[in-house]
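Colleague: generate a structure from the sequence data that follows.
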Amino acid sequence: MNPFHGPAPSFPWMFLRGSLPWIGLLMCAAVGTLRAAPEPDPVVGVTGGLVRGRLLPGGAGAVYRGIPFAQPPVGELRWREPMPVVPWPGTREADRSGPPAAQPPLGWNDRSAAASSEDCLYLDVWAPAKAAGALPVMVWIHGGGNVAGAGGFDTLYDGRALIARGVVLVVIEYRLGVFGFLSHPALTRESPHHASGNYGILDQVAALQWVRGNIAAFGGDPGNVTVFGQSAGAEDILALMATPLSAGLFHRAISESGPLPPTSPALAEAEKAGVTALGKLEGPPDRDLAYLRSVPAGDLLKSVQGTSAFTVDGWVFPVSPLEVWKSGREHAVPLILGSCAVEFPFDGPPEALAKSFRDIFGSLAPRAMALYGLDGKPAASDPLYGSGMDQWGSDLFRCIPILLGEWHASRGIASWEYEFARAIPPNARVAHSDDLPYVFGNLLEGGSKGGKFRAEDHALSGTIQGYWTNFAKTGNPNGAGLPAWEKHDAAGRRYLAFTTEAAVAARENERGPFCDLFREALAGPGAAR
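Modeller: Sure thing, here's the model as predicted:
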């Protein structure tokens, strides 16, 4: 019976009358404590089992780190296509990003190299708080020459700023260097596809397949996926647009500072290079696959370097990616392409410089050398683009993508071009990868791309994020409050400049006479103005 109604209670409540106000306060405090109990970290079911992510502060959403999208490519799975994940029992704690792919230290990547591992096929998902409907998905592919770099391990790719704009972000890892791009006759013989090499591209395809099958559980729309990447990641995206294996897995693409190579080796050529590279290893004369798969990863990294080319293997790439683009058979998805005003100044010896001109321009090489002032005659340095050597190294990253965008537009597919010229303050000149803090909204003082960012830098970052996420949502970067960005094609050659002053300007015919030579040399659809 209620002690406050009816007959006298069995417990002597009357002795506590003076304490009732305090009991009430304690009860209220207890209720308040219950209400303030933290929300539990979210658990999601994915291919392989359950994963528990971590809530982001302030109700911004959650991040799920280190989700496997394939089996670890180690031991017998070294140099094989990615295999389906093995289910795990219970709930996997998704609280730590997977390691970067195995890679040698090159100076700029020493931190990633120290943490790297062959066991690298993991991804991170950044999901905003639940929305009314499925959200567009952006899948990030990191750069590093296809020999180095990191995804989720790199704090530069923290996804909080992007997901605040209403997208789900996925950051992936993929095999690099000798583990990701080695061809070898023995590997070709054992393959059911009679192919070898391109394992890093196969990893990216597998990650996109994982996104298609699982992203709805995180609030994403598997029917609206944008791939975006920088440097080698941007190059890989252009290659993904050229492989039949990725058809239908993404619906828009953003390629930042990543040209396709003018040539790709045939399988026999790549196999020969692989035999030569592995011949540097100590071991038995035959060096069969069982032995090669037993060699420690560190020994391979020390002995085999520079393996990163796409191979025309008849499966991943039936023909070279550039030939696919020239023939107009790349995936018909809306596209943003661009580069930094200064990328990599060419710093090779004179004979390498001459060879690079011959490889690109063929019989036009003498004209090109003269245009860049590299024919022995003095030439003026450009205040933005630098010396002739600077310009040549950067135009490799600039003019080929511009042509690809024009060829793409000639098929009636929407394309936009940009140039990023803002140097990270207090630096005087922009450099390769300087756009990354602005794209991700992570304008930090420390880290590989830190600086003394100012108000105008934050404003520019917001503008770029607006363009990128609008594009992910609608296939068009334009939107309310943003300067108009006109499409790029061979007729108008319009592009958007993110200027040295952190402003936005509409311009035309970027690097006109220089890119004209690329047009003439690579002659494809839309090459003639």
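Colleague: ok, the most centrally placed residue in the chain - contacts?
Modeller: Relative to the mean C-alpha position of the chain, the nearest C-alpha, by CA atoms, centre = their mean, is the one of residue 141, at 1.8 Å. Residues near residue 141 by CB atoms under 8 Å, 6 or more residues apart in numbering: 151, 172, 174, 204, 227, 228, 229, 233, 234, 236, 237. C-betas here are computed from N, CA, C, even on glycine.
Colleague: likewise residue 388?
Modeller: Contact partners of residue 388, counting by CB under 8 Å, 6+ apart, are 372, 373, 374, 379, 381.
Colleague: among the residues you listed, which lie within helices?
Modeller: Residues of the contacts of residue 388 located in helices (DSSP state H): none.
Colleague: so which residues of this structure form strands?
Modeller: 43-46, 49-52, 54-55, 61-68, 91-93, 122-128, 135-141, 168-172, 220-230, 252-256, 335-340, 415-420, 494-498, 504-508 (DSSP state E).
Colleague: those: which one's closest to residue 448?
Modeller: strand 220-230 (12.7 Å; CB to CB).
Colleague: specify the angle between that closest one and strand 335-340 in degrees.
Modeller: Orientation check (axes from the mean of the first three to the mean of the last three CA atoms, to 10 degrees): strand 220-230 against strand 335-340 gives 30 degrees.
Colleague: quick one: strands adjacent to strand 220-230?
Modeller: Sheet partners assigned to strand 220-230 using DSSP bridges are listed as strand 135-141 (parallel), strand 252-256 (parallel).
Colleague: to residue 438, which of these lies closest?
Modeller: strand 252-256 (10.6 Å).
Colleague: using PDB, write out every CA atom in the closest one.
Modeller: Output in PDB follows, covering the C-alpha atoms of strand 252-256 (Å, rounded to 0.1, in the frame of the first residue of the first chain):
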ATOM      1  CA  ARG A 252      30.400  10.800 -60.100                       C
ATOM      2  CA  ALA A 253      34.200  11.400 -59.900                       C
ATOM      3  CA  ILE A 254      36.600  14.100 -58.700                       C
ATOM      4  CA  SER A 255      40.200  13.800 -59.800                       C
ATOM      5  CA  GLU A 256      42.700  16.200 -58.100                       C
END
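Colleague: can you check what angle separates it from strand 415-420?
Modeller: Using the same axes, to 10 degrees: strand 252-256 against strand 415-420 is 30 degrees.
Colleague: tell me the most buried of the strands of the chain?
Modeller: strand 168-172 (a mean of 29; mean count of other CB atoms under 10 Å).
Colleague: count the residues that sit near residue 307.
Modeller: Here the number of neighbours of residue 307 (other CB atoms under 10 Å) works out to 22.
Colleague: contacts for stretch 231-240, please.
Modeller: By CB under 8 Å, 6+ apart, stretch 231-240 touches 140-146, 149, 200-201, 204-205, 208, 227-229, 246, 250, 253-261, 308, 310, 317, 321, 325, 330-331, 401, 404, 432-433.
Colleague: nope, stretch 467-478 is what I was after
Modeller: Contacts for stretch 467-478 (CB under 8 Å, 6+ apart): 136-138, 162, 165-167, 224, 226, 228, 251-252, 254, 334, 336, 414, 416, 439, 479, 482, 484-485.
Colleague: before we move on, the earlier item: with distance to residue 105 and mean pLDDT added, can I get the strands of the chain in JSON lines?
Modeller: Below are those laid out as JSON lines (distance: least, CB to CB, whole Å; pLDDT from 0 to 100):
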{"stretch": "strand 43-46", "distance to residue 105": "33", "mean pLDDT": "98"}
{"stretch": "strand 49-52", "distance to residue 105": "31", "mean pLDDT": "98"}
{"stretch": "strand 54-55", "distance to residue 105": "30", "mean pLDDT": "98"}
{"stretch": "strand 61-68", "distance to residue 105": "23", "mean pLDDT": "98"}
{"stretch": "strand 91-93", "distance to residue 105": "29", "mean pLDDT": "98"}
{"stretch": "strand 122-128", "distance to residue 105": "21", "mean pLDDT": "98"}
{"stretch": "strand 135-141", "distance to residue 105": "22", "mean pLDDT": "98"}
{"stretch": "strand 168-172", "distance to residue 105": "22", "mean pLDDT": "98"}
{"stretch": "strand 220-230", "distance to residue 105": "21", "mean pLDDT": "98"}
{"stretch": "strand 252-256", "distance to residue 105": "25", "mean pLDDT": "98"}
{"stretch": "strand 335-340", "distance to residue 105": "25", "mean pLDDT": "98"}
{"stretch": "strand 415-420", "distance to residue 105": "28", "mean pLDDT": "98"}
{"stretch": "strand 494-498", "distance to residue 105": "32", "mean pLDDT": "98"}
{"stretch": "strand 504-508", "distance to residue 105": "38", "mean pLDDT": "98"}
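Colleague: export the ones you listed to TSV and tack on distance to residue 450?
Modeller: TSV is the format used below for the strands of the chain (distance: least, CB to CB, whole Å):
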stretch	distance to residue 450
strand 43-46	33
strand 49-52	31
strand 54-55	25
strand 61-68	22
strand 91-93	30
strand 122-128	21
strand 135-141	19
strand 168-172	19
strand 220-230	17
strand 252-256	19
strand 335-340	17
strand 415-420	17
strand 494-498	19
strand 504-508	24
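Colleague: who wins for proximity to residue 100 among these?
Modeller: Ranking the strands of the chain by proximity to residue 100 (CB to CB) places strand 122-128 first, at 10.0 Å.
Colleague: what's the angle from that closest one to strand 135-141?
Modeller: Using the same axes, to 10 degrees: strand 122-128 against strand 135-141 is 150 degrees.
Colleague: direction included, what does strand 122-128 pair against?
Modeller: When DSSP bridges is applied, strand 122-128 pairs with strand 61-68 (antiparallel), strand 168-172 (antiparallel).
Colleague: wait, what's in contact with the residue nearest to residue 55 when sequence neighbours are not counted?
Modeller: The shortest distance from residue 55 to any non-neighbouring residue, by CB to CB, 6 or more residues apart in numbering, is to residue 62 (5.2 Å). The contact partners of residue 62, taken as CB under 8 Å, 6+ apart, are 41, 42, 53, 54, 55, 56, 126, 127.
Colleague: what is the nearest of those residues to residue 119?
Modeller: residue 53 (20.8 Å).
Colleague: quick one: that closest one and residue 64 touch, right?
Modeller: Yes - here residue 53 lies in contact with residue 64, judged by CB atoms under 8 Å, at a distance of 3.6 Å.
Colleague: so what's in contact with these two at the same time?
Modeller: Joint contacts of residue 53 and residue 64 (CB under 8 Å, 6+ apart) are 44, 94, 125, 127.
Colleague: in contact with the third one, which residues?
Modeller: When the contact criterion is CB under 8 Å, 6+ apart, the partners of residue 125 are 53, 63, 64, 67, 168, 169, 170, 215, 218.
Colleague: returning to what we had before: partners of the residue nearest to residue 55 in the sheet?
Modeller: Going by DSSP bridges, residue 62 forms beta bridges with residue 55, residue 127.
Colleague: separation between it and residue 466?
Modeller: Distance, residue 62 to residue 466, using CB to CB, to the nearest Å: 23 Å.
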